[in-house]
Structure formats: C-alpha cells, structure tokens
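> Just need the structure, nothing else, for what follows:
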Amino acid sequence: MINTPNPKDIVEAMLKNDHFSKWLKVDLIEISIGKCKLGLTVNKFMLNGFNIAHGGISYSLADSCLAFAANSYGFKCVSIETSIEHKIKVTQNEYLIAEAKEIKRDKKIARYDVHVTNIENQLVAYFKGTVHISTKKWELQ
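Model prediction:
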C-alpha cells in the first residue's frame with residue numbers, strides 16, 4: 001500500500017518539471033489539503049506595451065496556485081475550465097499573492113476560487129477554476 005505524499009512534497013515534485021512556474025519565480029508561501037498560497041515579484045519581462053503587468057502574469061500565478069491546491073490530495077488533477085477578472089493594474093516590482101481555496105470537490109471534479117492580491121491586500125484579480133480529478137496517484141520516491 002502506497003501512502004499519500006504530503007502536499008508540500010507533491011508541489012516540490014510538480015515544480016521539478018514546471019518550467020513556467022520556475023520562470024515566474026513563484027514562492028510557495030503555504031500549502032495544505034485543498035489550499036495553496038503563492039507569491040511572485042513582477043519583473044520587467046512581465047510587462048506589456050502599457051508598462052503594466054501582462055494579464056497572463058496574474059492568470060498564470062493563479063493557475064499554478066489552483067494546480068497545487070487541487071493536487072494536494074495526492075491525486076493527479078488538471079484544469080478543464082478557468083476564467084479571470086482583472087480588477088486593478090499591476091506595475092513592475094509589485095509583489096502578488098495568489099490564494100486558492102476549494103469550493104466544492106466530488107469524485108471527478110473540483111472547483112476553486114483564487115484571489116490574487118497585492119502587498120496592500122487589494123484585489124488584483126479573481127480567478128475561478130475547475131479541475132478534473134484523475135484516479136492516478138502521486139507516487140514520490
């Protein structure tokens with residue numbers, strides 16, 4: 001019988017091959033079953049032509065946060081539907097924090113809300129995501 005790895009070990013395993021989250025330089029602030037909190041600092045390579053953070057940055061941070069929270073149970077999950085509402089602009093050197101919380105989970109589907117805030121706790125973006133829960137378990141060595 002294989003024991004379910006703890007959520008931090010699962011995230012560390014996911015990050016080994018998650019080159020995009022590594023490029024974002026996400027900080028794992030907190031992880032527990034069904035919840036995750038990540039942070040990142042916006043750098044100049046994340047800015048668009050208006051000299052503000054590209055919308056894909058807050059989206060990507062939220063998406064990674066969703067993935068880590070969903071996979072924290074030990075079953076491999078992938079997103080099947082996501083959406084985002086951008087609330088305020090973000091500039092270079094701002095620190096963003098994404099916090100994913102599970103809203104509903106059944107055998108095959110789970111739903112999460114992710115709030116992305118800045119250091120002043122202002123809501124930057126609101127992200128919703130639905131994941132498919134596979135029967136494949138994380139088996140770490």
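
> So in the protein, which strand runs the longest?
Ranked by residue count under DSSP state E, the longest strand found in the chain is strand 123-137.

> Gln122 contacts Ile88, correct?
Yes - with contacts counted by Cβ atoms under 8 Å, Gln122 reaches Ile88, the gap being 6.1 Å. Quick note: C-beta positions are derived from backbone N, CA and C, even for glycine.

> mind checking pLDDT for Leu140?
Looking at Leu140, its pLDDT reads 83.

> Tell me, how many residues neighbour Trp23?
11 (other Cβ atoms under 10 Å).

> Check which helix or strand it maps to.
helix 19-24 (DSSP states H and E).

> Let's see the pLDDT reported for Pro5.
pLDDT at Pro5 comes out at 87.

> ok now do Ile31, which residues does it touch?
Neighbouring residues of Ile31 by Cβ atoms under 8 Å, 6 or more residues apart in numbering: 7-8, 11, 37, 68-69, 72.

> for Asp63, same thing?
79, 82, 127, 129.

> just how off-centre is the host helix or strand of it within its chain?
Secondary structure assignment for Asp63, by DSSP H and E: helix 55-71. Centre-to-centre, helix 55-71 and its host chain are 3 Å apart (Cα atoms, centre = their mean, to the nearest Å).

> same check, this time on stretch 15-28
10 Å.

> From Val90, how far off is Asn118?
7 Å (Cβ to Cβ, to the nearest Å).
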